[in-house]
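# below: sequence and its predicted model.
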Amino acid sequence: MSLKIIPAVLVSLCSVAYSAQDKNGSDNFSHENVDIVSLKNEARNNKYVHVLIDMNVMNSIHDLQKNSKINFEIEQEDLLESIKGYYVEGAVWKGSLGQLSVYVNNVGLEKLSKNPLVRALVPANDSGMIYDPYGDIEKIKREIISNGIAIVSVIPASSIDGEMKGRALGSSDPMQRKREFIKSLHAENFGKLWMDGARSINGELSSSAESQSINLEVKIEGLYELKNRKDIRSIRLINKKYMRLDSDINGLGIHLDPAAIDEAELSGHAAIIIHLKRYPGYTPISGILTPEEKKSQAEEIRKIFSEIVEKVEPGATERLQIVEGIASAAIELKLESILRLYKNPDYRIEKIDFSKPIGELSLNTSTAGGVGGTNAQYIWQYTRGASQWIAVIDSGVQSMHPIFNNKTILQACYGTNNANHYTTCPVPDANGDTLPDTFFGAAEPCGFLAHPTPNFPTNHICAHGTHVAGIAAGRGGQHPQGGILNGVAIDSNIVAINAISRQRSNPNSGVVYDIDLVKGLDYIRQLRVTRLYELTVNLSISGLSSLASAYQNNCNEVNPQVSDLVADLKSRGVAVVASTGNNGIRGGIGYPSCISGVVKVGSINKYTGLFSNFTNINNPIMYSGHFFLAPGGGIASAVPTGQYGVADGTSMAAPHIAGAIALIKAVAPNATVDDVNNFIAAKHSVPKEIILSPGNSVIVRSLKFS
């Protein structure tokens, strides 16, 4: 489906926070910062409530700056002991920065609210730890709610540790590994089990992995336990009637995008993206695979794509653009080849998409204190983001702007040429790209080295990326009226990726194509893998499923290749931050913020602290991934060439969160993405009530350092 992207806007998570009693027993719960009754009602209505706990320990940003290796395991175990019998054992997330999350009942919630070890309680996010390409976890939950139990197929991971670095798990013998996994489960959360799990129909891509599957009867407590484990490669719902994978019984047919034929009929060829079926056992999260499994999966993917392409256009295999280990690939094929592929699609294909736009791109006062500011000055005394890189996939960044003096800026450009748009990459190759390390100035705004343009006004598409980068990591800019401008992570460096393709009929308009977003994300992954850079990604772009509707829940199916890359980046400690869009929609958010694991960001006014009406938002429990609000209204930052301007949008809110993540990671380099996001949610944000409709409101967290 075609997506239109505008300056990105984001939504904040439904997190209601309150402080527990202090050590003297004084009651710090107040209607000013939380409605405790709502949490109790949730626990009563759903049996359990998922709570994020900020422990009353030495875990301030100052403490972490002095000693990033502080260990809170003893205190975490003491706290769990105090609510034993009132929480779901096995369904506990323990953070390295002094937070933990649990599923507790009403009694456990009451005990937590009075425990001196608890500094604050915040509704926890579903962080999406398990790769779930088809939304099976939500289907399993619905099955349990309807019938009290569900049958699932689980494939344990072969290797893992807290940082996904590949520690071998147990025996190399699959049957012994199954026994070890079952032994580690809390038996009271499960029912029957079958050692030989269900296998998918025609699952060549993961046939060896499926031999390791187990079928389990799970209760709601068992689902919570499985969701919180890091050693699961795959979890799928089983259809009880046939004891087969539900996706095999009720799955959708192959989707063939007709827009590819339309484009090919115009130009004689078209760029398409072929997505293979995500069989159980396939995973883009390479950290839970052994080296042998990684190699086997990558080779099998390449073999399948070669077979598919050679059948319809012999000799075209060399044009395949495969992202290592990901079961999707882009290729440009002739019209007759596409027609041949569509007439007899290979059974291993899930969908074929025409490479399409995912959306358009439509300070220092925002980092200051005050009602809506982030108060970043407070945290700069402890961390300024040194050693961190913020990757801005946007319309390019003016590297020589004064706000980026003394910063290292890596550059790359990915663009698309077709009947409607043209690449803005300087010295583009056959694909429309200027690859990293091949040309100085590769990511200058809209490639203006090759497409000269006068000074860009703030609302010009070619100014967007520079403005966003200035918010995330600018330092020492001089605004004529606003004075000195600083971004959030003022000592962080920048990876500038120009992914904009300008419209032929209106060069002031442009889009980001999904194929170019994939290339940008893969470049970031390579920087993480080969250079070990500490990275955070900012995507101030947003697209809708149509002109009138946004995504009401997780949207991993829109482009599985993008979703897979986001999952792998998160497992490698790289947060992907995206805006939810500026359409003012209540009941949905834009793409790619709706992808599982993406950090979703909406806007507030920096002066009043009020929620920005243009922000797209929905009930946060509909998505996996953290939600935040940040200043996005009236934000001053850099614009080319060497100028400054003010802009509004969730595009401006998202880089505040990207910068905040970089600040925390700089003092806690071993923290995971969930560690950092939960730290911000519990310690450096304040609750704001957002009205979705009359009588229906949610509480979301707004960035505020203190």
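Ah, there it is. Numbering: from 1, shown residues only.

# for I149, grab the count of nearby residues.
17 (other Cβ atoms under 10 Å). All C-beta atoms are positioned from the backbone trio N, CA, C, and that covers glycine.

# quick check: phi and psi on it?
With angles defined as degrees, to the nearest 10, I149 sits at phi -160, psi 160.

# check L109 too.
When read as degrees, to the nearest 10, the backbone of L109 gives phi -60, psi -40.

# give me the neighbour count for the residue nearest to it when sequence neighbours are not counted.
Among residues not flanking L109 along the chain, A43 sits closest, at 5.4 Å (Cβ to Cβ, 6 or more residues apart in numbering). A43 is flanked by 21 other residues according to other Cβ under 10 Å.

# against K111, how distant is A43?
12 Å (Cβ to Cβ, to the nearest Å).

# ok so, going back, correct me, but the residue nearest to L109 touches N106?
Yes. Applying Cβ atoms under 8 Å, one finds A43 in contact with N106, separated by 4.6 Å.

# so which helix or strand of the chain has the lowest pLDDT on average?
One helix or strand of the chain scores below all others by mean pLDDT, DSSP states H and E: strand 18-19, with a mean of 27.

# after it comes which helix or strand?
Downstream of strand 18-19, the first helix or strand assigned by DSSP states H and E is helix 36-46.

# show me what that next one is packed against.
Other elements packing on helix 36-46 under the criterion 3 or more Cβ pairs under 8 Å, 6 or more residues apart in numbering; DSSP states H and E are strand 49-55, helix 106-113, strand 118-123.

# and the pLDDT for the spatially closest residue to A386 that is not a sequence neighbour?
The shortest distance from A386 to any non-neighbouring residue, by Cβ to Cβ, 6+ apart, is to D491 (4.2 Å). D491 carries a pLDDT score of 97 in this model.

# list the contacts of the spatially most central residue of the chain.
Centroid check for the chain by Cα atoms, centre = their mean gives V598 as the closest residue, at 1.6 Å. Counting by Cβ atoms under 8 Å, 6 or more residues apart in numbering, V598 makes contact with 539, 566, 576-578, 592, 625.

# against I541, how distant is it?
Distance of V598 to I541, given as Cβ to Cβ: 12 Å.

# now list whatever residues contact both of the two.
578, 592.

# list the contacts of the residue nearest to A386.
384-386, 388, 475, 666.

# the residues you listed in helices, which ones?
A666 (DSSP state H).

# what about the contacts of D491, which one has the most neighbours?
For those, the largest number of neighbours (other Cβ under 10 Å) sits with G385, at 30 neighbours.

# S200 contacts P280, doesn't it?
Yes. In this structure, S200 is within contact of P280 by Cβ under 8 Å, at 5.7 Å.

# mind giving me the domain ranges of the protein?
As assigned by automatic domain parsing, the chain contains the domains 18-123, 136-249, 255-356, 358-658+685-703.

# compare the ones you listed and give me the one nearest N677.
N677 sits nearest to domain 358-658+685-703 of all the domains of the chain, at 4.2 Å, using Cβ to Cβ.

# what's the span of that closest one, first residue to last?
End-to-end distance for domain 358-658+685-703: 27 Å, by Cα to Cα, to the nearest Å.

# begin at 589, not 1, for the rest of this chat.
Right, with 589 as the first residue, what we last looked at is domain 946-1246+1273-1291.

# next one, pLDDT for the closest residue to C1050 other than its chain neighbours please.
Take C1050 and drop its neighbours on the chain: the residue closest to it by Cβ to Cβ, 6+ apart is C1034, 3.8 Å away. Looking at C1034, its pLDDT is 87.

# bridging residues for N1081?
For N1081, the beta-bridge partners are W977 (DSSP bridges).

# next up, the contacts around it.
N1081 neighbours (Cβ under 8 Å, 6+ apart): 976-978, 995-998, 1061.

# distance of it relative to I910?
Here the criterion is Cβ to Cβ. By it, N1081 lies 29 Å from I910.

# highest mean neighbour count out of the domains of the chain?
The highest mean neighbour count among the domains of the chain, using mean count of other Cβ atoms under 10 Å, belongs to domain 946-1246+1273-1291: a mean of 23.

# how far off centre is that one?
Relative to the centre of its chain, domain 946-1246+1273-1291 is centred 13 Å away, using Cα atoms, centre = their mean, to the nearest Å.

# so D651 belongs to a helix, correct?
Yes. D651 sits within a helix when classified using DSSP: H, G, I helix; E, B strand; the rest coil.

# I'd say it and K657 touch.
No. Between D651 and K657 there is no contact under Cβ under 8 Å: 11.1 Å.

# still on that earlier bit, just give me the closest of the contacts of V1186 to Q885.
Minimum distance to Q885 across the contacts of V1186 is 18.1 Å, recorded for V1154 (Cβ to Cβ).

# doesn't the closest one fall inside a helix?
Yes. Secondary structure assignment places V1154 in a helix (three-state DSSP).

# which residues does it contact?
By Cβ under 8 Å, 6+ apart, the contact list for V1154 reads 1109, 1164, 1180, 1183-1186.

# with N1008 instead?
The neighbours of N1008, taking Cβ under 8 Å, 6+ apart as the test, are 1091-1093.

# which strand or helix spans D850?
Using DSSP H and E, D850 sits in helix 847-855.

# tell me what that helix is packed against?
Secondary-structure packing of helix 847-855 (3+ Cβ pairs under 8 Å, 6+ apart): strand 857-864, helix 923-931, strand 937-942.

# could you dump those to TSV with distance to L1115 and mean pLDDT?
Converted to TSV, the helices and strands packed on helix 847-855 look like this (distance: least, Cβ to Cβ, whole Å; pLDDT from 0 to 100):
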stretch	distance to L1115	mean pLDDT
strand 857-864	23	95
helix 923-931	34	97
strand 937-942	26	94
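
# could you redo those as CSV and give each row distance to R1174?
Output for those, formatted as CSV (distance: least, Cβ to Cβ, whole Å):
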stretch, distance to R1174
strand 857-864, 31
helix 923-931, 38
strand 937-942, 29
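
# quick one: which of these is nearest T1022?
strand 857-864 (17.5 Å).

# what's the first helix or strand after the closest one?
Next along the chain after strand 857-864, taking DSSP H and E as the criterion, comes helix 879-900.

# in its sheet, which strands sit next to the helix or strand that that following helix is followed by, and in what direction?
Moving toward the C-terminus from helix 879-900, the next helix or strand (DSSP H and E) is strand 909-910. Note on strand 909-910: by DSSP bridges, its sheet partners are strand 916-922 (antiparallel).

# state the distance from the nearest residue to H1244 once chain neighbours are set aside to V1125.
Spatial nearest neighbour of H1244, excluding adjacent residues (Cβ to Cβ, 6+ apart): A1218 at 3.6 Å. Distance of A1218 to V1125, computed by Cβ to Cβ: 16 Å.
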